[in-house]
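Student: Structure for this input, please:
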Amino acid sequence: MLLRPAGLVSRALAFGIDFAIRAALIGVFFVLLQLFDKLGMGLAALVFFLLNWWYMVLFEVLNQGRTPGKRLLGLRVVHDDGTPIDWSSSLIRNLLRFVDMLPLGYGLGAITCLNHPLFKRLGDLAAGTLVIYSDRPVARPTLPQAEPVMVPFALHLDEQRAVLGLAERQGELSSARTQELAAILAEPLRIPADTAVAHVNGIAHNLLGPT
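Tutor: Modelled structure (predicted):
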């Protein structure tokens, strides 16, 4: 996959759009919640916290790496190998955003970005992520029909890739080969080997999320 890293200017413009959206939302909520006196102030503080800490993370994970600002600028954030960003990587890169902001106005982040060949800020370096130009929408993998199955524990990134890879390639594999590969995944996924294929397909649908 050919990845085109986004430069500092386009990233700054995307962030500016997202910042304006968050500021507008905070302003609207602040005015509305003033009607509820002390309760309203507490709720306003909660809204401020959620928008500042979770706005970026939720959009990046649930919208193919694109916040509204990134979408308007044709950008998206992915792992270094081009795979979709996950919760842990998005949390790390956005938690370290406050370090990138030091000492003033994203000074440290801008310096790091300009001196890195892939225009990475500190958050990207720590999370193993990359902001790229997205010339076309990411095609959603075609998976076998199955009801989503949630795994009651966190899967490692390589396990997620293995599950999605097997589910996506089933049309190219024989039934026996599919069963064999699913049985290999049964132990780390803690699923019965005799129903591993159905479970793998269900887990893959859960990882991709709703259409």
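
Student: List of residues touching the helix or strand hosting residue 165?
Tutor: In this assignment (DSSP states H and E), residue 165 forms part of helix 157-169. Contacts to helix 157-169, defined as CB atoms under 8 Å, 6 or more residues apart in numbering, come from residues 79, 83, 86, 141-144, 155, 178, 181-182, 185, 188-189, 200-201, 203-205, 207-208. (Each C-beta comes from the backbone N, C-alpha and C, glycine too.)

Student: buried sites along it?
Tutor: Neighbour counts over helix 157-169 (16 or more other CB atoms under 10 Å) mark 159, 160, 162, 163, 164, 166, 167 as buried.

Student: what sits against the closest residue to residue 8 other than its chain neighbours?
Tutor: The shortest distance from residue 8 to any non-neighbouring residue, by CB to CB, 6 or more residues apart in numbering, is to residue 113 (4.9 Å). By CB under 8 Å, 6+ apart, residue 113 lies in contact with 8, 11, 119, 120, 121.

Student: so what pLDDT did residue 113 get?
Tutor: Residue 113 carries a pLDDT value of 93.

Student: Next: residue 74.
Tutor: For residue 74, the predicted pLDDT is 94.

Student: burial count for it?
Tutor: 15 (other CB atoms under 10 Å).

Student: At which residues are the strands of this protein located?
Tutor: 75-79, 129-133 (DSSP state E).

Student: Quick one: list the elements packing against the last one.
Tutor: When contacts are defined as 3 or more CB pairs under 8 Å, 6 or more residues apart in numbering; DSSP states H and E, strand 129-133 packs onto strand 75-79, helix 87-95, helix 122-127.

Student: So for that strand, mean pLDDT?
Tutor: 95.

Student: Using CSV, write out the CA atom coordinates for it.
Tutor: These are the backbone C-alpha positions of strand 129-133, laid out as CSV (Å, rounded to 0.1, in the frame of the first residue of the first chain):
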residue,chain,number,x,y,z
THR,A,129,0.6,6.1,13.7
LEU,A,130,0.8,8.1,10.6
VAL,A,131,-1.5,10.8,9.1
ILE,A,132,-1.8,10.3,5.4
TYR,A,133,-3.7,11.7,2.4
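
Student: now the helix holding residue 165, how far from the centre of its chain.
Tutor: Taking CA atoms, centre = their mean, to the nearest Å, one finds the center of helix 157-169 at 17 Å from the center of the full chain.
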